[in-house]
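Q: When you get a sec, could you give me coordinates for this:
(3 chains)
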Amino acid sequence: MKKSSFMQKILNAPYMLWSVLFIVAPLIMVIYYAFTDATGAFTLDNISQIGDYTSTFILSISYGAVATVICLIIAYPFAYFLAQTKASFQRVATMLVMLPMWMSFLIRTYSWITILGESGVINSFLGIFGIEPLKMLNTAGAVILGMVYNFLPYMILPLYTVLSKMDNSLVEAAQDLGCNKFYCLRKIIFPLSVPGIASGVTMVFVPSVSTFYITQKLGGGQITLIGDVIEGQFQTAYNYNLGAALSLVLMVMILICLGVLNYFTDSDDDGGVLI
Amino acid sequence: MKKFFSLITALVIVLSVGLLPVYAEEDGIFSQETIEYYENLGLQGTVLNVYNWGEYIDDEEVDVISQFERLTGCDVNYTTFESNENMYSKLSGGGVSYDIIIPSDYMVERLMAEGMLLPLDYNNIPNYNKYFDGEKYGHLVENGISDYAVIYNVGTTILIYNKNYVKEEPTSWSVLWDEQYKGKVLMFNNPRDTFAIAQFILGQSINTTDPADWDAAAELLFEQRQKVKPEYVMDEVFVKMESGEYALATYYAGDYELMVENNPDLGFALPKEGVNTFYDAMCIPSASQNKKGAEAFINFMMEPEIALANAEYIYYATPNKAVLENDEYSLADSEAVYPENLTNAQEFHNLPIDTLQYMNTLWMKVKGENDTQGLYFGFFSVIILVVIIIIINIIKKTKMKKYYNV
Amino acid sequence: MTKTSPLSKFYLALVFVFLYAPMIVTMVFSFNGTESTYIFDGFSLQWYEKLFRDKATMDALKNTIILAVVSATIATVLGTMAAVGINLMRNKYVKSSVMTVTNIPMMNPEIVTGISMMLLFVFAGVMFNKKDVLGFWTILIAHVTFQLPYVILSVLPKLRQTDNRIFEAAQDLGCHPVKAFFKVVFPAILPGIIAGAIMAFTLSLDDFIISYFTNGPDFQTLPIHIFSMTKKRVKPDMYALSTLIFAAMFVLLILMNMAQSRSDKKQRRKQKEGNE
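A: Residues are numbered from 1 along each chain as shown, chains lettered A, B, ... in the order given. Next comes the predicted model:
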């Protein structure tokens, strides 16, 4: 017993040090900046100014939520079907899901302009059938599509992990007992995949809420989300304090959202499922 | 899976070694004299950190950086930024030490005012006196700016239009407010340039510090947003104007020449209210660790061969006399790049931080004005729904507990 | 249960089309004859040729790969150690607080992580009076930090599945704890470690926002290099580069799959022989 606690300390020491230095300390910096002004004196001005950005916050969270839900709707059947294919195919398919992430996020987003544009790929295709070009770029839909596209793998992978590891005998038992397919899905498969849903939702929701490149490229600068505002504070207005205060509020709001999520998923264990 | 790992490692090695380019040695573009000058500077083994705009130096016809490294033996770390503000944040954060930066006009002034630049020693930049066109561009760097900065490129903001949509050459910026071009207008996605256009229309100085002026300009931009729903873009302007889907855009003069190569239907105009003339200049930040190398670099950038290559690559106006006199220079006759009789051009100057922050707040308001009414409703109904479900769940649980306990 | 209906196959294919549509566009336009990434005008290889001559891009690519490999390695080692340590923890409160801290970089928006890191580094730079703190080391620290939770969270479940008694039994039989760990526990959690490492590597390659705030003059990664083209334009040479990376990864994937299926076959044959 003693030995293992000594070992445990040795093993944990580097990580503890690391997390105090590079996880906790930066957060303290954010809090410090949020509550001080340019001269370093304590102030609540930054926090009180945040009221001006309420609508942007709400808009960002709504966009993030919509993108997350769409990701879930697309990814769940995908992961479910994938888990039923041959093992060798599954191996290739999971890598194929990850592969796009190895190409630059910026280039991937950029190519959507070519696909969605007024004389882009989709509209040229529709044009063959004599359909009038649709306006797809610079709409809310384009921004959400960008989010769904970029973060979909983060939803698929954890879902696939839980679904592929699920004990099939449970499903078979339920079916033997006269359970129909839909009921089986609702009462057995779905509850068992909740941890995967929880980590997938986290990994999609958080980056969607705070993104700024996607809105600039696919939203034509017409849709401003909180990521754009924060970036502007740091890069255009040189207002680090307001930027830090906005970041702090964003962080708290995301934590609240995830807290609600945790309430529903009731995942009491300390590790989600990733891949 | 183990194999996968070793394969990754193998691939990484292949990528990093195999992809390293084999440079074509471009000999013979410099005279022996020039080569000796740079060789004898004693820069061998030193490091030079260059921080430039993206795509703002020739790396195709003449690989400028490699040539400089080859001649001087100096090792260049070349990195790029996408806006003056972005560069300033990096610099003022204090975490970095660059030797050469290339900010624009107002940013040069700002850096000067904050003591973040080193004065240049023109003895180490002999090409300046030889090639800089002081008659034409000297007025841009008056008031001591030339002690700190050497102009790299000059440009103007112009109005670009598509002749298929806009039949007559527009003469005023106000065409950007014309409702018949709704959804077909592109504006800058940066506050300073976009506000300047509204300020030209209002007849204000583009360097005003009066909040009322900024309010009026923001009001005008807001009106534009309501009327024509412009898109705020930067480099996407190339794709969008070349595709022929948009009627009007505001951008920088040289870039118009690049666009018109791909779409001959485009035209440009210099609106009567005035245009903004800007310059980007090479400066040495005060944190520089290799001032001599930096000065050699500035001098090198003014070598006729290099300046020509850069001018042909960037398409902005060069203040280098040797390039303008060169017959091979293809843009010498471009009216967009070298406009004649610019009577009402204004330049950007540094603004106080209060004004900048006020501008940014207004900018966020202009851009961020989303249609939020329905959104608020949806958002709050979702929250209420969630709360109700949580309460029901809690009631259920306590009931269950009671049931099992009894 | 291994039956797949044609409908589900169609659905899988559809999602893959969605995931790969931009890749296809990227590939096609990397062969474009003009500078446009929107209108295809003639086939040419000029962008590939230009790409190899572009030193800044090549440097950025090299930096990106070095950073991904080094940071993923450090994060994997540190994260695995931490996961083993956390798994051994007895005190519930310490354990849960450590887990909360671990989750922070994952739950934190990237932009906040990036900014907070930058503020910290700059603050440290001022404290130690060092003018050029931002550079390779800061970006490396930032990357390791945001990768750590992913490594820890993919190793921990595997650790929980392994029976601790085997580890103890090995020690009782006179095996040194370190040796016992590598002989008994390590093979069991290896899939988790590899999964974590791949995830870390991928996240590092994919990251733009955190790098954007923490990079310095001597170390620019590819996403930042591409982002800085915002004023001029992204030319097809970037598409060519993406295509090359993609092609390389694709070939690698095929090779890996071939190797795997061969070893699977071997194993099956062995089992058969054993049965006979």
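
Q: pLDDT below threshold where in the stretch 151-275 of chain A?
A: A:266-275 (pLDDT under 70).

Q: all helices of the stretch 51-200 of chain A, in order?
A: Remark: helices assigned in the stretch 51-200 of chain A by DSSP state H, counting those that start in this stretch are A:54-82, A:87-98, A:105-116, A:121-128, A:140-165, A:168-176, A:181-184, A:190-192, A:194-210.

Q: of all those helices, which lies closest to chain B?
A: Nearest to chain B among the helices of the stretch 51-200 of chain A is helix A:54-82 (4.5 Å), distances taken as CB to the nearest CB. Where you see a C-beta, it was placed from the backbone N, CA and C, and this is true even at glycine.

Q: relative to helix A:194-210, how tilted is the closest one?
A: Angle of helix A:54-82 versus helix A:194-210, following axes from the mean of the first three to the mean of the last three CA atoms, to 10 degrees, is 140 degrees.

Q: so what does helix A:54-82 touch, helix or strand wise?
A: The contact analysis (3 or more CB pairs under 8 Å, 6 or more residues apart in numbering or on different chains; DSSP states H and E) places helix A:54-82 against helix A:87-98, helix A:140-165, helix A:194-210, helix A:226-235, helix A:240-265, helix B:353-368, helix B:373-405, helix C:6-30.

Q: Would you mark the buried spots in that helix?
A: Across helix A:54-82, burial judged by 16 or more other CB atoms under 10 Å in any protein chain shown covers A:55-68, A:70-72, A:74-76, A:78-82.

Q: and residue 161, how many neighbours?
A: In the absence of a named chain, this looks at chain A. Residues within reach of residue A:161, counting by other CB atoms under 10 Å in any protein chain shown, total 25.

Q: look at chain C instead
A: Neighbour count for residue C:161, taken as other CB under 10 Å: 10.

Q: my read: it touches residue C:188, true?
A: Yes: applying CB atoms under 8 Å, one finds residue C:161 in contact with residue C:188, separated by 7.5 Å.

Q: and residue C:137, what is it in contact with?
A: Applying CB atoms under 8 Å, 6 or more residues apart in numbering or on different chains, one finds that residue C:137 lies in contact with no residue.

Q: how much space between it and residue B:30?
A: Residue C:137 sits 38 Å away from residue B:30, going by CB to CB, to the nearest Å.

Q: Find the nearest non-adjacent residue to residue 100, please.
A: As the question left the chain open, I've gone with chain A. Spatial nearest neighbour of residue A:100, excluding adjacent residues (CB to CB, 6 or more residues apart in numbering or on different chains): residue C:19 at 5.6 Å.

Q: That was the other one, I meant chain B.
A: Leaving aside its sequence neighbours, residue B:100 sits nearest to residue B:50 (CB to CB, 6+ apart; 4.5 Å).

Q: again, but for residue C:83
A: In this structure, residue C:83 finds its nearest non-sequential neighbour in residue C:155, 3.9 Å apart by CB to CB, 6+ apart.

Q: what's that neighbour sitting at in phi/psi?
A: phi -90, psi -40 (degrees, to the nearest 10).

Q: per-residue pLDDT, it?
A: What the model reports as pLDDT for residue C:155 is 90.

Q: Work out which residue lies at the spatial centre of the chain.
A: Reading this off chain A. The centroid of chain A falls nearest to residue A:204 when counting by CA atoms, centre = their mean (1.5 Å).

Q: meant chain B, my bad for not saying
A: residue B:83 (4.8 Å).

Q: one step back: what about the residue nearest to the centre of chain A, distance to residue A:247?
A: 20 Å.

Q: which SS class is the closest residue to chain B within chain A?
A: Nearest residue of chain A to chain B, counting by CB to the nearest CB: residue A:221, 2.8 Å away. Here residue A:221 takes the coil state, with states given by DSSP: H, G, I helix; E, B strand; the rest coil.

Q: returning to what we had before: what's the closest of the helices and strands packed on helix A:54-82 to residue B:145?
A: helix B:353-368 (19.6 Å; CB to CB).

Q: hmm, back to that, and the residue nearest to residue C:83, what is it in contact with?
A: With CB under 8 Å, 6+ apart, residue C:155 has these contacts: C:79-80, C:83-84, C:189, C:192-193, C:196.

Q: Please tell me how far it sits from residue C:74.
A: Using CB to CB, residue C:155 is found at 15 Å from residue C:74.

Q: helices and strands around the strand or helix carrying residue C:171, which ones?
A: In this assignment (DSSP states H and E), residue C:171 forms part of helix C:164-172. Applying 3+ CB pairs under 8 Å, 6+ apart, we find helix C:164-172 packed against helix C:177-180.

Q: residues in contact with whatever helix or strand comes next after the helix it packs on?
A: Per DSSP H and E, the first helix or strand lying C-terminal to helix C:177-180 is helix C:186-206. Outside helix C:186-206, the residues that touch it by CB under 8 Å, 6+ apart are A:98, A:101-102, A:104-105, A:274-275, B:1-2, B:4-5, B:8, C:64, C:67-69, C:71-73, C:75-76, C:79-80, C:83, C:143, C:146-147, C:150-159, C:161-162.

Q: 7 Å instead, please
A: Outside helix C:186-206, the residues that touch it by CB atoms under 7 Å, 6 or more residues apart in numbering or on different chains are A:98, A:101-102, A:105, A:274-275, B:1, B:5, C:64, C:67-68, C:71-72, C:75-76, C:79-80, C:143, C:146-147, C:150-151, C:154-155, C:157-159, C:162.

Q: circling back: which residues does the residue nearest to the centre of chain A contact?
A: Residue A:204 sits next to A:67-68, A:71, A:151, A:154-155 when contact means CB under 7 Å, 6+ apart.

Q: make it 6 Å
A: Residue A:204 sits next to A:68, A:71, A:151, A:154-155 when contact means CB atoms under 6 Å, 6 or more residues apart in numbering or on different chains.

Q: what about the closest residue to residue A:240 other than its chain neighbours, distance to residue C:112?
A: Closest residue to residue A:240 in three dimensions, ignoring its sequence neighbours and counting by CB to CB, 6+ apart: residue A:33, at 5.6 Å. Residue A:33 is 12 Å from residue C:112, where distance means CB to CB.

Q: swap in residue B:137?
A: From residue B:137 to residue C:112 the distance is 44 Å (CB to CB).

Q: Neighbour count for those two, which is higher?
A: Taking other CB under 10 Å, residue B:137 and residue C:112 do not tie; residue C:112 has more neighbours (29 against 17).

Q: Make sure the more buried one is actually in contact with residue A:247.
A: Yes: using CB atoms under 6 Å, residue C:112 is in contact with residue A:247, at 4.3 Å.

Q: Show me the common contact partners of the two, please.
A: Counting by CB under 6 Å, 6+ apart, residue C:112 and residue A:247 have no shared contacts at all.

Q: rewinding a little: just the residues contacting the helix holding residue C:171, thanks.
A: C:177, C:180, C:184-185.

Q: Give the buried residues for it.
A: Counting neighbours by 16+ other CB under 10 Å, helix C:164-172 gives C:167, C:170-171 as buried.

Q: now do stretch B:175-183
A: Neighbour count says stretch B:175-183 has B:175-178, B:181 buried, by 16+ other CB under 10 Å.

Q: Now that stretch: average pLDDT?
A: The average pLDDT for stretch B:175-183 rounds to 93.
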